[in-house]
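**Student:** any chance you could fold what I've pasted below:
(one chain, ligands or ions: 2)
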Amino acid sequence: MKIAFVGKGGSGKTTLSSLFIRHLAATGRPVIAVDADINQHLGPALGLADAQAAELPALGAHLPEIKEYLRGSNPLIRSAEEMIKTTPPGRGSRLLRIVEENPVYAACARPIALDEGSVRLLVTGAFTEEDLGVACYHSKVGAVELLLNHLVDGRDEYVVTDMTAGSDSFASGLFTRFDLTFLVVEPTRKGVSVYHQYKDYARDFDVQLRVVGNKVQGPDDLDFLRREVGDDLLTAFGHSDWVRRLEQGAEPPLRALEPGNRTVLERLREEADAAHELRDARRYTEQAVLFHLRNAESWANAKVGIDLATQVDHEFVLGGEQAATAGALG
Ligand SMILES: Nc1ncnc2c1ncn2[C@@H]1O[C@H](COP(=O)(O)OP(=O)(O)O)[C@@H](O)[C@H]1O
Ligand SMILES: [Mg+2]
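**Tutor:** Residues are numbered from 1 along each chain as shown. Ligands and ions are numbered 1, 2, ... in the order given. Presented below is the predicted three-dimensional model:
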């Protein structure tokens, strides 16, 4: 399952994504955590010291190797230089799986031992507000888009991405690469202001979006969210003393989290698993191709100097080979 957390800065994306990751890991599920936020805080939220977090290898710094590996023997992609962030996989491409060793994980993923279970962490690398909208930003977040487009994931294994806030995440195809997107919203007018914007984008691209309230302090907060967001409100995480202790430098064990908030994490998992039923491998692949063709026309053909539409393998469906094998096995 490919899951994203989005929302305004400060709404609690990093807090909730790290807790969701810990919840999944504690129940023995394989998880890859991805930090794609401008402010790279997921490592520390998962318990890394700042010095350790600063040493994490950045995906953005390993793009040539990543492309060389993923392209494999795909005859439509003649070199890593001709591969852009949206170049879709085809026959001959190397695909990634959540549980495996491969050169991409060896170069970029780092294991993190949690108090219950463990995860692998990938980070885009730090970028600044000024990077937004320019090539540097896109090459960093582009690495995540490239990986997700080549990742074949099964039920009960998860990639959880802490995304950057704001409309720039809609400028690329990245926001369509998830089975489910959790929009973290505080019960304030500012908090819900992004909801309508996200909802419009989600509708246009068939993105599964669920609102998760955060820092909810009582029935009035909950009523406010219900009024503003309606049925899109999945659940609400309360204001948490456990989170506050964490912020103060303590390392409270996950099992000490408030039971109501732990229930919220379980609710998120149920919703994620339900999204599995709605998967459509063909549509997923078609959207990857759509964004590739858009990028090709708007800037990449000119930059690379070839017609990048020729990279599309129209016979290929990501995950389709799995379905075929399952069918053959009866
Ligand atoms: N449910 C909560 N209870 C208490 N504090 C919270 C809660 N959620 C988030 N916070 C605090 O709010 C601040 C912003 O949260 P953070 O997860 O960093 O937001 P974002 O990643 O969206 O910018 C942090 O100081 C965090 O500890
Ligand atoms: Mg954050």
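**Student:** so where does residue 32 fall, helix or strand?
**Tutor:** Using DSSP states H and E, residue 32 falls within strand 31-36.
**Student:** quick one: strands adjacent to that strand?
**Tutor:** strand 118-123 (parallel), strand 158-163 (parallel) (DSSP bridges).
**Student:** can I get those in a markdown table including distance to residue 67, mean neighbour count and mean pLDDT?
**Tutor:** All C-beta atoms are positioned from the backbone trio N, CA, C, and that covers glycine. Below are the strands paired with strand 31-36 laid out as a markdown table (distance: least, C-beta to C-beta, whole Å; neighbours: other C-beta atoms under 10 Å; pLDDT from 0 to 100):
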| stretch | distance to residue 67 | mean neighbour count | mean pLDDT |
| --- | --- | --- | --- |
| strand 118-123 | 16 | 21 | 97 |
| strand 158-163 | 19 | 26 | 96 |
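**Student:** how about these in CSV, adding distance to ligand 1?
**Tutor:** Output for these, formatted as CSV (distance: least, C-beta to the nearest ligand atom, whole Å):
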stretch, distance to ligand 1
strand 118-123, 14
strand 158-163, 7
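**Student:** who does the residue in the stretch 51-200 of the chain positioned nearest to ligand 2 form a beta bridge with?
**Tutor:** Distances between the stretch 51-200 of the chain and ligand 2 by C-beta to the ion are smallest at residue 162, namely 6.0 Å. Note on residue 162: beta-bridge partners by DSSP bridges are residue 5, residue 35.
**Student:** what sits against the closest residue to ligand 2 within the chain?
**Tutor:** Going by C-beta to the ion, ligand 2 is nearest to residue 14 of the chain, at 3.2 Å. Taking C-beta atoms under 8 Å, 6 or more residues apart in numbering, we find residue 14 in contact with 5, 37, 39, 41-42, 45, 162.
**Student:** can you map out the strands along the stretch 201-330 of the chain?
**Tutor:** Under the criterion DSSP state E, counting those that start in this stretch, the stretch 201-330 of the chain contains strands at 209-216, 233-238.
**Student:** and if you look at the stretch 51-200 of the chain?
**Tutor:** 96-97, 110-113, 118-123, 151-152, 158-163, 180-185.
**Student:** tell me what the first one is packed against?
**Tutor:** For strand 96-97, the elements it packs on are strand 151-152, judged by 3 or more C-beta pairs under 8 Å, 6 or more residues apart in numbering; DSSP states H and E.
**Student:** partner strands of the strand it packs on, parallel or antiparallel?
**Tutor:** Looking at strand 151-152 with DSSP bridges, its partner strands are strand 96-97 (parallel).
**Student:** buried residues in stretch 228-241?
**Tutor:** Of all the residues in stretch 228-241, those buried under the rule 16 or more other C-beta atoms under 10 Å are 228-229, 232-238, 240.
**Student:** close enough to count as contact, residue 319 and residue 152?
**Tutor:** Yes - counting by C-beta atoms under 8 Å, residue 319 does reach residue 152; the two are 5.3 Å apart.
**Student:** between the two, point out the one with more neighbours.
**Tutor:** Neighbours per residue, other C-beta atoms under 10 Å: of residue 319 and residue 152, the larger number sits with residue 319, 18 against 15.
**Student:** count the neighbours of the nearest residue to the more buried one once chain neighbours are set aside for me.
**Tutor:** Nearest residue to residue 319, sequence neighbours excluded (C-beta to C-beta, 6 or more residues apart in numbering): residue 281, at 4.3 Å. Look at residue 281: counted by other C-beta under 10 Å, it has 15 neighbours.
**Student:** on that earlier part again, need the max-distance pair from the contacts of residue 14.
**Tutor:** Farthest-apart pair in these is 5 and 39; separation 13.3 Å (C-beta to C-beta).
**Student:** settle it for me: which of those two has more neighbours?
**Tutor:** Between residue 5 and residue 39, counting by other C-beta under 10 Å, residue 5 is the more crowded of the two (28 against 17).
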